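Asker: Have a look; sequence and predicted model below, questions after that.
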Amino acid sequence: MPSNKTKTVYECQSCGYISPKWAGKCPDCGAWNSLVEETREALPKAIQKVSAGTKPVPLSSLELSGEERISTGSIELNRVTGGGIVAGSLILIGGDPGVGKSTLMLQLLDGIYKHANNQLPAALYVSGEESLKQIKIRSLRLHINTPLIVVLSETCVEIIIEHAKKLQPSILIVDSIQTVYTQTLPSAPGSIGQVRESATKLMHFAKRTNTPVFLVGHVTKEGAIAGPRVLEHIVDTVLYFEGERMHHYRILRAVKNRFGSTNEIGVFTMEDSGLKEITNPSELFLSERPEGKVSGTTVVSTIEGTRPLMVELQALVCQTTFGVPRRTSIGVDINRVNLLVAVLEKIAGLNLGYMDIFTNVVGGLKIVEPAFDLGIIATIASSFKNVPIKKNTFVFGEVGLSGEVRTVSQAEARLREGEKIGFKEAVIPATNYNKLTIKPNINVIGVKNIDETIKAVLDY
Ligand code: TYD
Ligand code: MG
């Protein structure tokens, strides 16, 4: 029986909604069977006086001192974090189990100390998942042997913070937030209340002591970290570590960053002795392109954050053997593909109604950018007509429902990247072409609609 100071509430495990009564369906997010009983401290009776709290000040009177940042010693990590790790920031690293989050954390620390010539206080790496022996084995594999990484196997957040206060580490890493718990809540580690409460305590520690704190989080099956959006608004920065376990590419993506631009990506490969940074990912993504005249493959220029990236898109269009044609897509949104297939049918007159269409972005990348549209159009047309795309040509552009090719951002950066990789020709929106201030050293063709695109890219 809880004391009269605490009361029992029901909290939705997917959105955090609090209800005094149990219900089968969360009234806020509509999830079923998501309400779980938790205890709450009753609110204090006395309300704080204004005089005891913070004071409003004119915005113009605030002085800015330069943010203190710790350089990671890695171009890719610095890019994703916006130039290094900001003092007192709380950073969430999310990703599927086994993608390499713990490896990344150890290598991050190693890089920081190498860059700073060991002139920094020790870092505290807390693991609730692995034994100290396992961490040691990993560090041997990564050839990391600095005395400045102090490890702790602990899951109670109060004890972790106690240790951190004594040690005053330059960085605190908690691997993972789902394994830690706070003594103030009776629910099990990993439940939404625990994760949020523990993260909040660590956030207070970070802000009070000006220590950067990394939280490692596993992505649940639904693709969210411990229930959607629970942690994302508490932390300053959310980084997702993506990659198929069978592919060796790993992409670290900034989804939210209070201290830098979002959508910035860092590209790595997972090797036998840890993660290796790839500073020129376009070359990597294009390295296995089929040789000779092959239809159904196009190189598309896409922008991830501030970085242009050249990727290969493949399509296979073939006569369906069933009544209903199959449409499968990996790496691009299937709805976008279906929409563009309809545009190709109606506007370009391609008879795709009885065709199975499979599209795939090579290398396990996921692209959401509209500038990818022109690539989808070109690839499907190429496979359908069984005519290859011109050699050394790449494309980008958004496509509208009436088949018009629309302006995209950062055309010049995309062209420069293509030129750097060795492409000779680019097919781009005519509006972008007309606005180019610097003419690149490659042949640029501006197109107004998908008919012009198909004519421009196919190598008859
Ligand atoms: P890990 O960092 O433990 O992943 P996470 O913390 O995200 O669960 O890395 C797990 C995988 O990485 C594991 O399957 C083995 C592989 N790996 C390598 O390929 N090379 C290495 O040097 C290391 C340390 C791990
Ligand atoms: Mg791990």
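Answerer: The structure has been received and is ready for your questions. Keep in mind that this is a model prediction, so the values were computed, not measured. Numbering: from 1, shown residues only. Ligands and ions are numbered 1, 2, ... in the order given.

Asker: This structure: helices as residue ranges?
Answerer: Assigned by DSSP state H, the chain shows helices spanning 75-81, 101-115, 132-141, 157-167, 192-209, 281-286, 334-346, 373-385, 411-421, 430-435, 450-457.

Asker: Switch those helices over to a markdown table; also include mean neighbour count.
Answerer: For every residue, glycine as well, the C-beta is placed using N, CA and C. Listed next are the helices of the chain as a markdown table, based on neighbours: other C-beta atoms under 10 Å:
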| stretch | mean neighbour count |
| --- | --- |
| helix 75-81 | 22 |
| helix 101-115 | 22 |
| helix 132-141 | 14 |
| helix 157-167 | 17 |
| helix 192-209 | 20 |
| helix 281-286 | 20 |
| helix 334-346 | 17 |
| helix 373-385 | 27 |
| helix 411-421 | 20 |
| helix 430-435 | 17 |
| helix 450-457 | 20 |
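
Asker: what's the burial count for the nearest residue to Lys207 once chain neighbours are set aside?
Answerer: Among residues not flanking Lys207 along the chain, Gly88 sits closest, at 5.5 Å (C-beta to C-beta, 6 or more residues apart in numbering). For Gly88, the neighbour count with other C-beta atoms under 10 Å is 18.

Asker: Got phi/psi on Gly349?
Answerer: phi 70, psi 20 (degrees, to the nearest 10).

Asker: what about it, distance to Ile334?
Answerer: Per C-beta to C-beta, to the nearest Å, Gly349 is found 23 Å from Ile334.

Asker: now swap in Phe268 and tell me
Answerer: Taking C-beta to C-beta, one finds Phe268 at 28 Å from Ile334.

Asker: Closest residue of the stretch 251-400 of the chain to ligand 1?
Answerer: As assessed by C-beta to the nearest ligand atom, ligand 1 sits closest to Gly274 within the stretch 251-400 of the chain, at 4.1 Å.

Asker: what is the residue nearest in space to the middle of the chain paired to in the beta sheet?
Answerer: When C-alpha atoms, centre = their mean is applied to the chain, the residue found nearest the centroid is Arg253 (3.2 Å). Beta bridges link Arg253 to Tyr240, Ile265 when assigned by DSSP bridges.

Asker: thought it was touching Val80?
Answerer: Yes. In this structure Arg253 lies within contact range of Val80 using C-beta atoms under 8 Å: 7.4 Å.

Asker: Pull up the overlap in contacts between the two.
Answerer: Here Arg253 and Val80 share the contacting residues 239, 264-266, scored by C-beta atoms under 8 Å, 6 or more residues apart in numbering.

Asker: The helix or strand of the chain with the lowest mean pLDDT pairs with which strands?
Answerer: None of the helices or strands of the chain scores lower by mean pLDDT, DSSP states H and E than strand 35-41, at a mean of 73. Its sheet considered, strand 35-41 pairs with strand 6-12 (antiparallel) by DSSP bridges.

Asker: centre of the chain versus the top strand by length along the chain, how much separation?
Answerer: For the chain, the strand with the greatest residue count under DSSP state E is strand 307-319. Between the centre of strand 307-319 and the centre of its chain there are 21 Å (C-alpha atoms, centre = their mean, to the nearest Å).

Asker: Enumerate the residues of the stretch 51-200 of the chain near ligand 1.
Answerer: Residues of the stretch 51-200 of the chain lying close to ligand 1 by C-beta under 6 Å from any ligand atom are 95, 97-103, 138, 141-142.

Asker: now these as JSON lines including distance to Gly446?
Answerer: Output for these, formatted as JSON lines (distance: C-beta to C-beta, whole Å):
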{"residue": "Gly95", "distance to Gly446": "40"}
{"residue": "Pro97", "distance to Gly446": "47"}
{"residue": "Gly98", "distance to Gly446": "46"}
{"residue": "Val99", "distance to Gly446": "41"}
{"residue": "Gly100", "distance to Gly446": "42"}
{"residue": "Lys101", "distance to Gly446": "44"}
{"residue": "Ser102", "distance to Gly446": "48"}
{"residue": "Thr103", "distance to Gly446": "45"}
{"residue": "Arg138", "distance to Gly446": "52"}
{"residue": "Arg141", "distance to Gly446": "52"}
{"residue": "Leu142", "distance to Gly446": "49"}
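
Asker: Please tabulate those residues in CSV, including the columns pLDDT.
Answerer: Listed next are these as CSV, based on pLDDT from 0 to 100:
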residue, pLDDT
Gly95, 88
Pro97, 87
Gly98, 88
Val99, 90
Gly100, 93
Lys101, 94
Ser102, 95
Thr103, 95
Arg138, 95
Arg141, 95
Leu142, 95
